[in-house]
Structure formats: C-alpha cells, structure tokens
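J.: this one's structure only:
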C-alpha cells in the first residue's frame with residue numbers, strides 16, 4: 001500500500017500541476033489510488049461553464065430556462081458508468097460548450113455509485129452553492145423535463161472546508177457520526193470535498209479512502225440523492241441528474257473569471273466493482289425558512305415611495321404590474337411531475353405576473369406550453385424615452401433578510417435573463433424620491449428603459465443581439481431573487497418579505 005501511495009505522489013506532481021498549486025502534492029492521485037485499492041472504478045470528469053444563452057444561440061436548447069444573469073453556472077461533467085455510453089444529445093451539449101465530449105452535464109447515477117468533487121471553493125463572492133437537480137424523468141417511455149432541485153444546497157454558510165473555522169456553525173447536508181458538530185470553515189478559496197451519493201455505506205468508504213490520502217474529515221460534505229423520491233439506476237427509465245455550482249457577485253472579477261474558466265478542482269465518478277449491501281440514505285433534514293422577523297414595518301415607507309414615483313412620472317401613464325411567486329418548490333415539482341425551471345431552496349423568487357392572462361401562475365406541466373403561456377398578452381418595452389419601467393421595493397439585503405438580492409429582465413419568448421441589478425446598485429436610489437426619510441436606505445427605485453438618456457439608477461435593455469437582448473416586439477417581464485438569509489442558512493420565508501413591485505410608464 002505504501003508503494004502505491006508513493007507512486008501516487010509522483011504521478012500527481014507530474015500530471016496535476018493545476019491542482020498541485022492548491023493541494024498538498026499527491027492528495028488527489030493518492031485518493032484515486034486508495035479508492036481503486038478499495039474496489040472502486042474511478043473515472044475523472046470535468047468542470048465547465050454551463051452557458052445557457054450560448055446553448056440556445058447554437059440551437060442546442062429550445063430556451064434559456066430562466067438563467068440568473070448575476071451567476072455563471074459551473075456544471076459537473078460526469079463520464080458514463082462503466083459499460084455505458086453517453087446519450088448523443090448530451091454529447092452535443094458538451095461539444096457546444098467546448099468540453100471534451102467524454103463526459104456529460106446530465107447523467108444517471110446507480111444506487112451504489114457516487115460523484116465526488118475535490119478541490120477549491122470559489123473565491124470571495126456574495127454567495128455560492130453546490131446544488132443537485134433532477135433534470136428529467138421518463139414516464140411511459142417518454143422523457144419529461146423536470147429541472148427541479150432535490151433538497152438543500154451545500155452553500156457558503158454551511159460548507160465544511162480546510163479554512164480556519166469562522167463564527168458560523170454548520171454541518172454538511174447530512175449529519176453523520178463522522179461529521180456531526182464540525183465548525184464550518186472559512187468558505188472562500190478553500191479545499192473541500194463533496195460526496196454526492198444515495199448510499200451511506202458508499203459514502204463512508206469514500207471518506208475512509210480520502211482520509212488515507214491525507215484529507216481531513218473536517219473538509220468533507222455529503223450531498224444526498226434520496227432514493228425514496230428518485231429513480232436511481234443506469235437504464236433508460238432512470239432519472240437524469242445534474243449538479244451546478246452557483247457563484248454570484250465575485251469581489252474580484254478577474255479571480256472569479258479565472259475560477260470559472262480554470263476551476264482548481266476535479267470530479268470523479270466512483271463505481272464499486274462488486275455489488276454491495278444497500279444502505280440508502282433517507283431524505284435529508286431540511287433547513288427551515290423563517291425567523292419570525294418580517295419587513296412589514298417598512299410598508300408605509302414603501303407606499304410613500306410609490307406615491308412619489310407616480311407623482312413624478314404621472315398617474316395617467318402608469319400601469320402597475322402585479323407581483324407573485326414564480327416557481328414551485330423543488331419537492332413539489334418532483335411530486336407533481338412538473339417543470340420547476342431550476343429553483344434552489346436558498347432563494348425567494350418573484351415575478352411580474354400578468355393580470356390579463358388566463359391564469360395568475362404558469363402551467364408548468366410542459367416546458368413548451370409554459371413558454372407559449374409567456375407569449376400571451378404580456379407587455380413589451382419600446383425604443384422610446386417615454387416608455388420605461390420603475391422597479392422598486394425593499395432592499396432585502398439591507399434589512400438582513402438576504403445575503404444578496406436582485407431583479408433581472410427577461411424575454412418571455414425564450415426566458416432569457418439579459419441583465420441583473422443587485423442590491424449593490426440600489427444604494428441611494430430611493431433617497432431622491434424620499435428626501436429626509438431615514439428609512440429610504442432600506443428601499444430602492446430603479447429605472448429600466450431602452451435609452452436611459454443620462455438618468456442615474458437606470459438599466460438599458462439591449463436588442464438586436466439575439467439571446468443576449470430582448471427585441472422590441474418581444475414580451476418582457478421581471479424576476480426578483482432574494483438569496484440566503486444568514487440566520488437560517490437557507491432562503492427567507494415568503495411570508496416574511498415585502499414583495500417587490502414594478503410600474504410601467506408610457
């Protein structure tokens with residue numbers, strides 16, 4: 001065994017310079033060898049930028065699926081199980097993203113397999129998470145798009161890393177005897193390991209191999225694929241999964257781009273060579289939304305801000321847009337077999353629902369039916385300085401209900417997010433409407449137009465640039481995201497936030 005580990009040290013120093021810069025030399029290769037010594041087949045995958053707009057532009061995807069413009073998604077590209085081949089459609093997606101083509105962003109997973117991330121977390125940013133998704137499910141021989149998160153994320157408030165422990169206490173998604181009570185380390189730019197599996201015994205064997213390769217138990221996290229609600233397996237009727245890393249709003253954009261383009265980590269698919277006695281995990285205990293503290297004391301101030309906006313731009317030209325929750329909860333979508341459009345438990349999602357539509361919330365049963373619904377009588381935004389939106393509301397980050405909050409502009413034809421305005425842009429935007437009001441710092445008001453004409457606190461909506469813009473005759477809507485309440489380490493409660501608002505003038 002000592003000979004194998006020594007060989008691993010030498011090989012890792014030669015073939016893994018990118019990882020060796022961040023890890024103790026040999027850890028990754030020693031880990032691989034330890035897994036193989038324990039009777040696993042280990043295949044290396046890739047990590048890559050999953051660019052939804054690029055995939056739409058290349059004709060690979062029929063829509064952009066509500067991408068978050070403030071986030072560059074990193075996908076796990078996982079090799080097929082031994083003896084299996086990649087689906088040609090998934091190969092096409094990988095090729096369009098300039099990946100090697102030997103691994104897929106959408107994959108099946110056997111009940112005794114695991115996918116393991118080992119490497120560095122994102123550099124300092126406002127938020128990141130590792131989130132696992134049920135992408136599609138086959139019923140009666142027909143695959144149906146689900147795109148639903150499975151359970152809680154491993155986010156920057158709970159992740160176990162090699163950094164010095166901070167003030168926040170956190171465990172991995174599933175508490176086991178081996179990790180119960182670890183203090184969550186400094187989350188950014190730190191070594192971590194995340195084992196994604198349905199089986200407790202497989203998880204424990206992988207952790208043992210990692211410890212033998214020099215990794216500390218304190219950096220290990222488990223992300224459960226609960227077989228009670230999923231169809232684990234490798235055959236055509238098995239569920240298809242994905243895992244995305246979601247970093248948002250890097251402090252250093254250059255460091256963030258380097259992480260996205262050259263992620264200092266690797267992904268392994270780990271498959272036992274012999275059958276094992278199953279020991280499936282149950283559905284993990286979820287973090288609970290809500291603290292009992294609300295934002296409703298700001299309602300009078302928000303109504304004062306509304307009146308000031310209408311007074312400035314004219315009541316007669318105003319169309320107030322109703323706001324409603326956007327997407328279903330992931331567990332609801334899985335139970336109902338409907339398309340959830342990629343939510344996470346770490347956020348509240350709101351949008352400008354249309355009062356004139358037949359239903360106030362979209363029929364998610366079929367993806368294309370959903371997009372047809374969005375083309376119903378929705379509003380457009382003309383190239384006219386007299387036509388614009390004012391988006392306003394409570395700055396949820398300022399009140400402490402969010403780590404970050406934003407609103408984004410979408411074209412309804414393909415649900416393409418073309419730009420986000422975040423709470424970092426809100427500062428001072430409400431004060432010009434509410435001079436002397438001390439609570440103005442907790443509010444914001446932002447203009448959206450085709451031509452800002454020199455206005456401060458204004459976002460210009462591009463057109464004529466394909467999926468990166470919204471055409472003049474294309475219906476447009478707004479989506480708000482309220483991400484991660486620090487007190488609960490998950491998304492805030494819908495019942496505790498004041499809904500954001502929008503008015504169209506013109």
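T.: All right, it came through fine. Note that the structure is a prediction, hence the values are computed from the model and not measured.
J.: just for this protein, where's the confidence low?
T.: 1-26, 164-184, 354-377 (pLDDT under 70).
J.: ok, longest strand in the protein?
T.: Assignment by DSSP state E gives strand 129-139 as the longest strand of the chain.
J.: would you map the helices across the stretch 101-250 of the chain?
T.: Applying DSSP state H, counting those that start in this stretch to the stretch 101-250 of the chain gives helices spanning 200-212.
J.: and the longest strand of the chain, which residues are buried?
T.: Neighbour-count burial for strand 129-139 flags 129, 130, 131, 132, 133, 134, 135, 136, 137 (criterion: 16 or more other C-beta atoms under 10 Å). The way it works is simple: take the backbone N, C-alpha and C, and place the C-beta from them, glycine included.
J.: so what secondary structure elements neighbour it?
T.: strand 142-149, strand 154-155, strand 240-245 (3 or more C-beta pairs under 8 Å, 6 or more residues apart in numbering; DSSP states H and E).
J.: out of these, which comes closest to residue 487?
T.: Closest to residue 487 of those is strand 154-155 (C-beta to C-beta; 13.7 Å).
J.: list the helices and strands that closest one packs on?
T.: Using 3+ C-beta pairs under 8 Å, 6+ apart, the elements in contact with strand 154-155 are strand 129-139.
J.: change it to 10 Å
T.: strand 129-139, strand 191-197, strand 220-224 (3 or more C-beta pairs under 10 Å, 6 or more residues apart in numbering; DSSP states H and E).
J.: domains in the protein, by residue range?
T.: In terms of domains, the chain is parsed into 43-61+70-272, 296-505 (source: automatic domain parsing).
J.: tabulate those (CSV), appending distance to residue 27.
T.: Shown next, in CSV, are the domains of the chain (distance: least, C-beta to C-beta, whole Å):
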stretch, distance to residue 27
domain 43-61+70-272, 5
domain 296-505, 28
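J.: go through those domains and name the closest to residue 37.
T.: Nearest of those (C-beta to C-beta): domain 43-61+70-272, 7.8 Å.
J.: centre of the chain to the closest one, how far?
T.: 11 Å (C-alpha atoms, centre = their mean, to the nearest Å).
J.: do the same with stretch 403-416
T.: For stretch 403-416, the separation from the chain centroid amounts to 14 Å (computed by C-alpha atoms, centre = their mean).
J.: kindly check the end-to-end length of it for me.
T.: Terminal residues of stretch 403-416 are spaced 24 Å apart (C-alpha to C-alpha, to the nearest Å).
J.: what distance do you get for residue 305 to residue 500?
T.: To residue 500, residue 305 is 12 Å away according to C-beta to C-beta, to the nearest Å.
J.: repeat that for residue 296.
T.: From residue 296 to residue 500 the distance is 14 Å (C-beta to C-beta).
J.: show me the contacts for residue 394.
T.: The neighbours of residue 394, taking C-beta atoms under 10 Å, 6 or more residues apart in numbering as the test, are 295-296, 298-299, 301-302, 305, 401-402, 405, 426, 430, 439, 442-444, 482, 497-501.
J.: identify the bridge partners of it.
T.: residue 443 (DSSP bridges).
J.: so how far is residue 448 from it?
T.: 18 Å.
J.: next: residue 186.
T.: Taken as C-beta to C-beta, the span from residue 186 to residue 448 is 37 Å.
J.: go on, residue 66?
T.: Counting by C-beta to C-beta, the gap from residue 66 to residue 448 is 18 Å.
J.: before we move on, what about residue 50?
T.: According to C-beta to C-beta, residue 50 and residue 448 sit 27 Å apart.
J.: cool, and residue 435?
T.: 23 Å.
J.: and these two? Which one has more around it.
T.: residue 448 (22 against 8; other C-beta atoms under 10 Å).
J.: run through the helices of the stretch 301-450 of the chain in chain order.
T.: 330-336, 367-374, 396-399, 423-426.
J.: contacts for the first one, please.
T.: Counting by C-beta under 10 Å, 6+ apart, helix 330-336 makes contact with 131-134, 137, 146-152, 229-230, 239, 283, 286, 327-329, 338-345, 364-365, all of which sit outside it.
J.: at 7 Å what do you get?
T.: Under the contact criterion C-beta atoms under 7 Å, 6 or more residues apart in numbering, helix 330-336 has outside partners 134, 146, 148, 149, 150, 229, 340, 343, 345.
J.: next, count neighbours for residue 91.
T.: When neighbours are defined as other C-beta under 10 Å, residue 91 has 16 of them.
J.: burial check on the residue nearest to it when sequence neighbours are not counted, number of neighbours?
T.: Distances taken as C-beta to C-beta, 6 or more residues apart in numbering place residue 101 nearest to residue 91, at 5.6 Å, with adjacent residues excluded. If you count neighbours by other C-beta under 10 Å, residue 101 ends up with 16.
J.: pretty sure residue 101 contacts residue 95?
T.: Yes - with contact defined as C-beta atoms under 7 Å, residue 101 counts as touching residue 95 (5.4 Å).
J.: quick one: residue 506 and residue 474, what's the gap?
T.: Applying C-beta to C-beta, the value for residue 506 to residue 474 is 16 Å.
J.: okay, which residue is most central for the chain?
T.: The residue lying closest to the centre of the chain (C-alpha atoms, centre = their mean) is residue 246, at 4.4 Å.
J.: now the helices and strands packed on strand 129-139 in a markdown table, with mean neighbour count and distance to residue 351?
T.: As requested, the helices and strands packed on strand 129-139 are exported to a markdown table (neighbours: other C-beta atoms under 10 Å; distance: least, C-beta to C-beta, whole Å):
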| stretch | mean neighbour count | distance to residue 351 |
| --- | --- | --- |
| strand 142-149 | 19 | 17 |
| strand 154-155 | 26 | 23 |
| strand 240-245 | 23 | 21 |
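J.: mind checking those strands for the one nearest to residue 256?
T.: Taking C-beta to C-beta, strand 240-245 is the member of the helices and strands packed on strand 129-139 nearest to residue 256, at 12.0 Å.
J.: could you say what helices and strands the closest one packs with?
T.: Where contact means 3 or more C-beta pairs under 7 Å, 6 or more residues apart in numbering; DSSP states H and E, strand 240-245 is packed against strand 74-77, strand 129-139.
J.: could you pull out the strands for the stretch 301-450 of the chain?
T.: With DSSP state E, counting those that start in this stretch as the criterion, the stretch 301-450 of the chain has strands at 318-321, 323-325, 347-352, 388-394, 404-411, 416-422, 443-449.
J.: starting at the chain centroid, how far to stretch 384-399?
T.: Mean C-alpha position of stretch 384-399 versus that of the full chain (C-alpha atoms, centre = their mean) differs by 24 Å.
J.: buried residues of that stretch, list them for me.
T.: Buried-residue list, stretch 384-399, by 16+ other C-beta under 10 Å: 387-399.
J.: and those, which is closest to residue 460?
T.: Checking these against residue 460 with C-beta to C-beta, the nearest one is residue 388 at 10.1 Å.
J.: next up, the contacts around that closest one.
T.: Residues near residue 388 by C-beta under 7 Å, 6+ apart: 447, 448, 449, 505, 506.
J.: take those and lay them out in a markdown table including distance to residue 272.
T.: Output for the contacts of residue 388, formatted as a markdown table (distance: C-beta to C-beta, whole Å):
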| residue | distance to residue 272 |
| --- | --- |
| 447 | 58 |
| 448 | 54 |
| 449 | 58 |
| 505 | 63 |
| 506 | 63 |
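J.: closest to residue 71 out of these?
T.: Within the contacts of residue 388, the smallest distance to residue 71 is 19.8 Å, found for residue 448 (C-beta to C-beta).
J.: in the sheet, who's paired with the closest residue to the closest one other than its chain neighbours?
T.: Setting aside the residues directly before and after it, residue 448 is nearest to residue 389 in space (C-beta to C-beta, 6+ apart), at 4.1 Å. Assessed by DSSP bridges, residue 389 has beta-bridge partners residue 448, residue 504.
J.: show me what contacts residue 389?
T.: By C-beta under 7 Å, 6+ apart, residue 389 lies in contact with 448, 502, 503, 504.
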